[in-house]
Structures are given as C-alpha cells and as structure tokens.
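Undergrad: build me a model:
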Amino acid sequence: MPFQPDPMQWVLLDWLMVLIAIWLAIGVLGLAAMRRLEFVSRVLFPCGGAVGVGLFAVALASLFVPPQTAVLAIGLPTLPFHLRLDALSAFFLMVIGGTSAGISAFAAGYFRHGEGTPPGLMCLQYHVFLASMAGVVLADDAYAFMVMWETMALASFFLVTSNHRVAEIRRAGYLYLLIAHVGAIGILMCFGVLQANTGDYSFANMRAQNLSPFWASVAFALALFGFGAKAGLLPLHIWLPEAHPAAPSPVSALMSAVMLKTAIYGLLRVLFDLLDTPLWWWGVVMLAVGLATALFGVVFAAVQSDMKRLLAYSSIENIGLLAAGIGLALLFGAYAMKPLAALALTAALVHVTSHALFKSLLFLSTGTVLHATGERSLGKLGGLMRAMPWVAWVTLVGVLASAGLPPTSGFVAEWLLLQSFLFTPGLPDSFLNMLIPVVAALIALVAALAGYTMVKFYGVIFLGQPREPRLMQAHDANAWQRRGMAWLLLGNVLLGLLPAAFIQLVDPVTRQLVGDGLGPTVAAHGWLLVPTTIERASYGPVFFALGVAGCFALAFALVRKLYHGRLRRAQPWDCGFPWQTARMQDTAEGFGQPIRQIFEPFFRMRRELPTPFDAAPRYRVTVEDHFWHALYQPIADATARVARLVGLLQQGRIAVYLLYSFATLIAILLLVRPT
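TA: As a prediction, the model looks like this:
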C-alpha cells in the first residue's frame, strides 16, 4: 500500500508560508505609511512580533512530523523554488520566530523621529530581513537558498546603514556587504561541488551524490569559508565588531541572535545532511578554528570600552564555541560514535538557543541605556541601577547567562560541551586523546574570561556611582521595551531551569543529523539533566536554583536580625572617609588592563603619551586588530592602487576614447586570424 502523508503535515508547511507572507505584507504596509511613526511602531512592529510567536508555535509542532516538501511557482521557468520542512529547519525556525517576537515588541517602543531611515522604510527592511532568514532555512535547492541568502544580506545592509549620514556607519555597512558577498561566492562554489556536475542543484540530488574524499573535503572547506564569513569565524570576523555597533539596537540584536545562526544552520545542513560520512580531520579543523575564534573574541571583548563593541566581540566568542561543538560532533561522527556525536551536537543546539536569547536581551539592554543616556562609552556610564532598576535586574539575568553561571541557559550549554570533551579519551587515536583535553582546558579558560568580561560590562554600567551628573536623570524602559525584554527573559529562565525538556524537543534534530539522540536518557531522569549515565554526571537546575534562593533568604534574614541598625555606615574607599567621588571607581580601561598585559600578542596597540609641552596632556591606548592590518589593509591598498591605474583611462576627452577603440580594433585584427 503506498504511503499516504498526513494532511496535517502539509497544513504546517502551508501555515509557515502564510506567516512569512504576512511578514512581507507588514513590510509593504510600512512602506505605504512611510513617516507615520506611531502607526509603524505601535501597530506594525507588534503585529510582526505576533507573527514571530505564530512561527515559533508552528515550527514547534513541525519538529515531530516527517519531512515535508513543496515546489513554489515563483523563480525561473526551469528553476522553481523548492522548500523542505524537516527537524533541522523547524528548530531554526523556532529560534527565528521566538527571538524575533521579543525583539519586535521591543522595537515598537524604541524608534524615534529623526533617527536615520524613515520608520516605514525601516519596517519594510526589517520584515524582509525576517522573511528572508525564514526562507533560508526552508530552501531545498541552491537557487532558492542563494536568493534568500542574498536578500538577507541586502536587507541587513540597509538596516546597518540606517543612519547613513554618518561616514563611519557607511564604512561599516560597506565592509559588511563586501564580506557577505565574498562568503556567498564560497557557498555558491560549495553547492557547485555538491551537485557533482549533474546540473541538478536541488538538495535532494546533492544528498544522493557519493563524492570522493577529495571533492567532499573541497566542499567542506568552501562551506567553512562561506558560512564562516557570515558567522564571524576567524579571520573573517572583521565586519562584525564594526556592523553591530553601527546598527540600531534591535537590528544589532537580530543580527547577533538570529542572523549569525543562519550561518550555523548552513554548516549543519551541508556537513551533516548534504555530505556523506565526515572525515576525522574535518572535526579537528573545526575545533581549531572554533577555539581560536572563541579565545580571540573573548580577549578582545574584555578590553573594549564601547558597550556594543564589547557585545559584538562576545558574539564572536560564542560563535567560536558553537564551531568547537560542531567540530567535536564531526570528530565523533567520523569514528561512528553516535551517542557522543549526539551529545556534542545537542550542546551546540542548546548553545544556539541560549545565545539567541541572552545576547538579544543584552543588546536590547544597551539600547535602553543608549536612549536614556545618549552614551555608548563605558567610561561615561555608571550607577544606572538607581535610575533604571528594571533594566538593571533584567540585564543581570542576561549577564549571568553570558558568563555561563548556573542555573542559567548559558551554563547548560557550556556544561554539556565540557561533558562532551570528557568522553574524548574513548577516541581510537592516541594523538587526539592527548590533544583534546588541552582544547577542553582552553574552553574552560574562555568561559572564565567570559565571566570576567560580563562582570566588567554589568559593573561599569549599573553599579557604583554615576560618572556624569546627568545620568541620574536617565529613564527606565518604556512599556513596549519591557514587554520585549520580558519575553526574552522568560525564555532564558525556562531554558535554564528546564533543559531536560528542551533537549527532548531537539532530539529529532540530532537523530536526523547523526542518527542518535539524548531524548530517552534525559527523559528517564525527570528533573535531573543526565547526558549519558547518572554515575558519570548529572545536573539539577531547579534544585540548584532553590538552593541558591534559600541561601540568599537565610543570609538576608540573619543580617536583618543580627546586624540591622548596629553597623556604623562607612564608605568603602579611603579608609572609610566619606569624600570619595566617581573618579575613584575602576574604569572600563582599568578593568581591561590586566587582560591587555597578559594577552598583549593578541593586540596591535597604539599609545598616545603626554609630553611636557602639551597644553592638555592625555594618555590614550588604542587596541586594534592584527588581522585588519596584516590581511585586509594590504588588500584595500592594492585595490586602491589598481583603481587609480584604471582611473587614468578616464581622461574625459572623446578623442582619447576614440583612440582606445581604434587601438582595440587594431589589436583584434592582429591577434585574430581567419579560419
């Protein structure tokens, strides 16, 4: 009897396409209401957030049904769009829908009159960006994928350059667009290798090919290059700390939390789905690139004095950890160790979701601080917990998650990743057994530095005394901003307290990609998170959270009973004398100075030293990226020289242009011989 598909499966795919079409329709409505800020912000952006919630719900239901495909009538006559909804695409649609819902609600209370792009045009670009990201994860052929990928790149470019009147923002946007298109060339070449000269660029045909190890490795290298450019892997990271600070805060949140994950989706789709069994050295390369990216990102984040650049470098660090998890899954998969490959891949998927939630929350927090104070520099902030208590407490949850502290979602992801490394002595290669524990130690170092960076980020902005008197006049988040941040806060808390339930949700993804999953093991232990066996490791987030809350409550009660009203108020600085000022507090530059000294080879530092002849002497240290000066600056200089040489041809005189035509004709007559 032939297989009869469940009609509900097709209803789910139809609903997804309808929701994506609604996003596009919202964008068109925004274009029609070009300068009506109240309508765009209070009606269209909340509607876009509601569509995100619907996308999350439909994608969640799609995790547990067989793959579904569709062919759309749009496209070229012989190249229609092929769509496929499977567990992997459903998972990333959940991330896109759930995260964008909170960001869209926040955006409803964020945009102001006179800030760069008109609100209606911003609405169009924003929702085209969302729709194209959803289209990327649904595409089932190279043509549809590249159309959606380029649409995503162009929409995000226009969003980054919203305030295009500022030259620095224009430069950041053009750098981002250049790296995005260079990466797109790598992806297109990867698809060319995967189709194996058959002329059929559908993903189904690519899955059916049996490439030789050489051509499979070429496809792997091209995929790592192409998707790594979009993700921000070393040395293609250079655009990320420039574009994220240039964009409005909701756009920065969307790019860091969601757009970077489409590159992770592309890597997973190519390496685990379209290619055959991976080779062991692919995993080693991914581990090396991921570890270098993570360490580079966290070290640079620790020395930043701009809060948005700090978060951008922190995103580079988290992308590096994701690449390391994927590399470990490749390594286990190459040796047919499916349960351990599932563990490493589960750690990566949890980190995808966790990073999307806490990093978007942190970028939105910087948006509220920027609107309330007009400052991005950490050196001019401080003491904002008094003026912005709601934002401060919500940001604290995101900071704890980014630092990887329990019982937050960030801890779950990093704990699972470290658990994966503890099983590497079982690899049938003595060299790898010796090397991998060193990698695990370096990942622990990255986690410790991430905690250090988040202490700096939160402490300098919200604790202590205000460094500027006007900071006491800062206002807290408005109602729409609070709604968006509360949605993301809820996601962080639920993922941190109920990781076992989430791992059972992503079990279909790991089974699709590596043939095994943690679902049955996790389900058998209830509230405890047990990645393999309870004898080896377990973690109870709810019990841990209750224990921490109980300790805090006991300490508060004891202090209130034994010491309240009996302690003499003393100032913490200058032996208790009450005349300290905000200038005595540690600055962002001072906080990062030990990192600059310990990891000095990572940086290219320029120092401006005062002289006795300066009317206003000052000391300034500028930290720059070696990659920019060693790799990108020579390319930019060579391009400028070639452009100047080509420019010599443009004399502006018709006689010179006729001479060029005549010389070209003579050359053709001399070089081409008649047959």
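Undergrad: next SSE after the longest helix along the chain?
TA: Determined from DSSP state H, the single longest helix within the chain is helix 338-373. Per DSSP states H and E, helix 338-373 leads on to helix 384-387 as the next helix or strand towards the C-terminus.
Undergrad: so who does residue 527 touch?
TA: Shown in contact with residue 527 (C-beta atoms under 8 Å, 6 or more residues apart in numbering): 500, 540, 542-543. Every residue, glycine included, has its C-beta placed from N, CA and C.
Undergrad: doesn't it lie inside a helix?
TA: No - membership of residue 527 in a helix is not supported by DSSP: H, G, I helix; E, B strand; the rest coil, which gives coil.
Undergrad: I'd like the mean pLDDT over the host helix or strand of residue 103, please.
TA: In this assignment (DSSP H and E), residue 103 forms part of helix 87-107. Per-residue pLDDT values over helix 87-107 give a mean of 94.
Undergrad: please compute how far that helix lies from its chain's middle.
TA: Averaging C-alpha positions (C-alpha atoms, centre = their mean, to the nearest Å) puts helix 87-107 13 Å from its chain's average.
Undergrad: ok now the helix or strand just after it, how far from the chain's centre?
TA: Next along the chain after helix 87-107, taking DSSP H and E as the criterion, comes helix 119-138. In terms of C-alpha atoms, centre = their mean, the centre of helix 119-138 is set 17 Å apart from its chain centre.
Undergrad: quick one: helix 119-138 to helix 87-107, angle?
TA: Angle, helix 119-138 to helix 87-107, by axes from the mean of the first three to the mean of the last three C-alpha atoms, to 10 degrees: 170 degrees.
Undergrad: for the nearest residue to residue 473 once chain neighbours are set aside, give its distance to residue 109.
TA: Counting by C-beta to C-beta, 6 or more residues apart in numbering, residue 473 lies nearest to residue 387, which is 7.3 Å off, once chain neighbours are set aside. From residue 387 across to residue 109, the span is 18 Å (C-beta to C-beta, to the nearest Å).
Undergrad: just want to know which of those two has more residues nearby.
TA: residue 109 (22 against 18; other C-beta atoms under 10 Å).
Undergrad: touching, that one and residue 41? I think so.
TA: Yes - judged on C-beta atoms under 8 Å, residue 109 makes contact with residue 41 at a distance of 7.1 Å.
Undergrad: now the common contact residues for the two.
TA: Joint contacts of residue 109 and residue 41 (C-beta under 8 Å, 6+ apart) are residue 480.
Undergrad: phi and psi next, for residue 476.
TA: Main-chain dihedrals, residue 476, degrees, to the nearest 10: phi -80, psi 170.
Undergrad: isn't it right up against residue 389?
TA: Yes - between residue 476 and residue 389 there is a contact under C-beta under 8 Å: 6.8 Å.
Undergrad: between the two, which one's more packed in?
TA: Higher neighbour count among residue 476 and residue 389: residue 476, with 15 against 12, using other C-beta under 10 Å.
Undergrad: okay, the more buried one: pLDDT?
TA: Predicted confidence (pLDDT) for residue 476: 85.
Undergrad: residues in contact with it?
TA: Applying C-beta under 8 Å, 6+ apart, the residues near residue 476 are 368, 372, 387-391.
Undergrad: is it true that residue 19 touches residue 56?
TA: No - at 9.9 Å, residue 19 does not count as touching residue 56 under the criterion of C-beta under 8 Å.
Undergrad: I'd say residue 206 and residue 197 touch.
TA: No - between residue 206 and residue 197 there is no contact, the gap being 11.9 Å when judged by C-beta under 8 Å.
Undergrad: tell me which of those two has more neighbours.
TA: Remark: of residue 206 and residue 197, residue 206 carries more neighbours, 25 against 9, as counted by other C-beta under 10 Å.
Undergrad: longest strand anywhere in this protein?
TA: strand 68-76 (DSSP state E).
Undergrad: now it and helix 119-138, what's the angle there?
TA: Using the same axes, to 10 degrees: strand 68-76 against helix 119-138 is 120 degrees.
Undergrad: and the helix or strand that strand 68-76 is followed by, what other elements does it pack with?
TA: Helices and strands here follow DSSP H and E; after strand 68-76, the next one along the chain is strand 79-85. If you count contacts as 3 or more C-beta pairs under 8 Å, 6 or more residues apart in numbering; DSSP states H and E, strand 79-85 packs onto helix 7-32, strand 68-76, helix 119-138, helix 142-160, helix 203-208.
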